[in-house]
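1. With the sequence up front, the predicted model follows.
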Amino acid sequence: MRAFNRFYTNLIGALDYSKHLYTPYTLTESRVLYELAHSSRTDAADLRAELSLDAGYLSRLLGKFERAGLVARAPSRQDPRRQRITLTPKGHRAAGLLDERSREAVGALVAQVPVGERDELVAALRTVRRALGHTRPAAHDGPLLREPRPGEWGWVVARHGALYAAEYGWDADFEALVARIVADHAQDRDPHLERMWIAELAGRPVGTVMCVRDGAPGTARLRLLLVEPEARGHGLGELLVRAVVDFAREAGYRELVLWTNDVLTGARRIYQKLGFTLVTEQPHRSFGVDLVGQDWRLPLHPEADGPPHARQEAQEDSR
C-alpha cells in the first residue's frame with residue numbers, strides 16, 4: 001500500500017501540485033476550492049470534517065482565499081454560530097480552471113494506457129474504492145451536489161423522458177422539451193447567473209435541477225428538478241431546491257419562479273416548505289395528458305421590498 005501511494009503521488013505530481021497543473025494553488029488549496037464549487041456542505045465546520053483538516057490551518061487558508069477575492073465568509077443562515085463559505089465569481093473561475101486542468105492531466109495520463117486495457121483500469125479503481133470505502137467516515141456517504149460532467153447532459157434528458165413516461169404517462173413531447181432546455185443551457189449559459197446541479201449518491205448521478213435567467217429582469221427560474229426513485233427519502237429534492245435558492249439569492253436575483261403541474265405532489269411539498277407561493281393555475285393538455293399547470297414564486301429579498309401592500313402603496317405615492 002505504501003509503495004503504491006509513493007508511486008501514485010509521484011505520478012500525479014501531488015508533491016508539487018501547483019507546478020504540475022500550472023496554478024498557484026497547492027493540492028490542499030485546490031481540494032478546498034473543489035469542495036466549495038461542488039459540495040452542498042459549505043460551512044467551515046463541514047469543510048473541516050469533510051477534508052479532515054486542522055481548524056487553524058483551514059482558517060488561515062480561507063483567510064488567504066478571502067484576501068485574494070476567491071471566497072466570502074458570513075454567518076450561516078441555519079446556525080449563526082457557524083461560518084458559511086461561498087465562492088465569489090473570481091473563485092468560481094479559479095475552481096473551473098483547476099477542474100479543467102485536472103481533467104486534462106487525467107486525460108493525458110489515461111491516453112497512455114492502451115485502449116484495450118482502459119476498462120480493466122477503471123474496474124481496478126472501482127475495486128480499490130469499494131474495498132477501502134468502508135474505512136471512510138459515514139459523513140462522506142451522503143449526497144454530493146456538483147456540476148454535470150461530459151455525457152451527463154444527455155443523461156438529464158434521458159432520465160426525464162423515462163421517469164415521467166413511467167410515473168405519469170407523459171409522451172415524447174416532454175422529452176423533446178427537456179432536450180431543448182438542456183441544449184439551450186449547455187450552449188448559452190452565463191456561469192455567474194445560471195447553473196445546473198447533478199446530485200450524486202454512492203458515486204453515481206441520481207438527481208438534477210437547473211437555475212436559469214427568466215424573461216423578467218431580476219428573475220431566476222428553477223427548472224428540471226428530478227430525483228431517481230431509488231434515491232428518494234434522502235432529502236435530495238429539498239437539497240437541490242435549496243441549492244437553487246441559495247445560488248439565485250447570492251447571484252443578486254430579486255425573485256425565483258417556477259412552473260410545475262399539480263400531479264407532482266412531492267415537488268410541490270418541497271416548494272411550499274421553502275417558502276414558494278402558488279401564483280396561478282391553468283388547466284392544459286400537454287405531453288399527451290390533461291394537466292393543471294401551476295406558477296410558483298419565491299421573493300429572495302423580501303425585506304428589501306417590504307410586504308406586497310407596502311410596495312403597492314409606495315408605487316401609488318410615486319405616481
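-> Yep, that arrived.
2. Point out where this structure drops to low pLDDT.
-> 15-22, 39-41, 77-79, 133-142, 302-319 (pLDDT under 70).
3. Give me the buried positions along stretch 247-262.
-> F247, A248, R249, A251, Y253, R254, E255, L256, V257, L258, T260, N261 (16 or more other CB atoms under 10 Å). C-betas here are computed from N, CA, C, even on glycine.
4. all helices of this protein, in order?
-> For the chain, helices defined by DSSP state H occupy the ranges 2-11, 17-21, 27-38, 44-51, 55-67, 89-111, 118-133, 152-168, 172-187, 236-250, 265-273, 302-305, 308-318.
5. Between helix 27-38 and the longest one, find me the angle.
-> On the basis of axes from the mean of the first three to the mean of the last three CA atoms, to 10 degrees, helix 89-111 is oriented at 110 degrees to helix 27-38.
6. Any chance you could list what contacts stretch 72-86?
-> L36, T42, D43, A44, A45, L47, L62, E66, V71, L87, T88, E250 (CB atoms under 8 Å, 6 or more residues apart in numbering).
7. Tally up the residues packed near the nearest residue to A14 once chain neighbours are set aside, please.
-> Nearest residue to A14, sequence neighbours excluded (CB to CB, 6 or more residues apart in numbering): L27, at 5.5 Å. A count of nearby residues for L27, using other CB atoms under 10 Å, gives 17.
8. So L27 sits against T9, correct?
-> No: here L27 lies out of contact with T9, judged by CB atoms under 8 Å, at a distance of 9.2 Å.
9. overlap in contacts of those two?
-> Common neighbours of L27 and T9, using CB under 8 Å, 6+ apart, do not exist here.
10. what sits against T208?
-> T208 makes contact with P148, V156, R159, M196, W197, I198, A199, L224, L225, L226, L240, according to CB under 8 Å, 6+ apart.
11. Please name the bridge partners of it.
-> I198, L226 (DSSP bridges).
12. now it: how far from L258?
-> Distance, T208 to L258, by CB to CB, to the nearest Å: 14 Å.
13. Same question for A44.
-> 31 Å.
14. One more: E104?
-> As for E104, its distance to L258 is 36 Å (criterion: CB to CB).
15. again with R146
-> Separation of R146 from L258 (CB to CB) stands at 22 Å.
16. what number of residues lie near F287?
-> Counted with other CB under 10 Å, F287 comes out at 19.
17. With adjacent residues omitted, what lies nearest to the residue nearest the centre of the chain?
-> The centre of the chain sits closest to W197, judged by CA atoms, centre = their mean, with a distance of 3.3 Å. Leaving aside its sequence neighbours, W197 sits nearest to L145 (CB to CB, 6+ apart; 4.8 Å).
18. wouldn't the one you found be in contact with V241 here?
-> No: taking CB under 8 Å as the definition, L145 is not a contact partner of V241, at 11.2 Å.
19. circling back to that earlier point, ok, the residue nearest to W197 - contacts?
-> L145 sits next to H38, S39, S40, W197, I198, A199, E200, L239, L240, A243 when contact means CB under 8 Å, 6+ apart.
20. Which one (most neighbours) among those?
-> L240 (26 neighbours).
21. and that residue, how far is that from L226?
-> L240 is 9 Å from L226, by CB to CB.
22. which neighbours do these two share?
-> With CB under 8 Å, 6+ apart as the test, L240 and L226 both reach G207, T208, V209.
23. what about the closest residue to Y168 other than its chain neighbours, neighbour count?
-> Leaving aside its sequence neighbours, Y168 sits nearest to V263 (CB to CB, 6+ apart; 5.9 Å). Applying other CB under 10 Å, we find 15 residues neighbouring V263.
24. Spit out the contact partners of V263.
-> Contact partners of V263, counting by CB under 8 Å, 6+ apart, are Y168, L291, V292.
25. What about it? Give its phi and psi, please.
-> Here is the backbone geometry of V263 (degrees, to the nearest 10): phi -70, psi -20.
26. Could you report the distance from it to Q294?
-> 10 Å.
27. likewise E147?
-> Distance, E147 to Q294, by CB to CB: 28 Å.
28. These two: which has the busier surroundings?
-> Neighbour count, other CB under 10 Å: between E147 and Q294, Q294 has more, with 18 against 15.
29. isn't the more buried one right up against N261?
-> Yes: taking CB under 8 Å as the definition, Q294 is a contact partner of N261 at 6.6 Å.
30. returning to what we had before: same list (the contacts of L145) but as JSON lines, adding distance to A108.
-> Formatted as JSON lines, the entries for those read as follows, by distance: CB to CB, whole Å:
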{"residue": "H38", "distance to A108": "22"}
{"residue": "S39", "distance to A108": "26"}
{"residue": "S40", "distance to A108": "31"}
{"residue": "W197", "distance to A108": "28"}
{"residue": "I198", "distance to A108": "25"}
{"residue": "A199", "distance to A108": "30"}
{"residue": "E200", "distance to A108": "25"}
{"residue": "L239", "distance to A108": "34"}
{"residue": "L240", "distance to A108": "34"}
{"residue": "A243", "distance to A108": "32"}
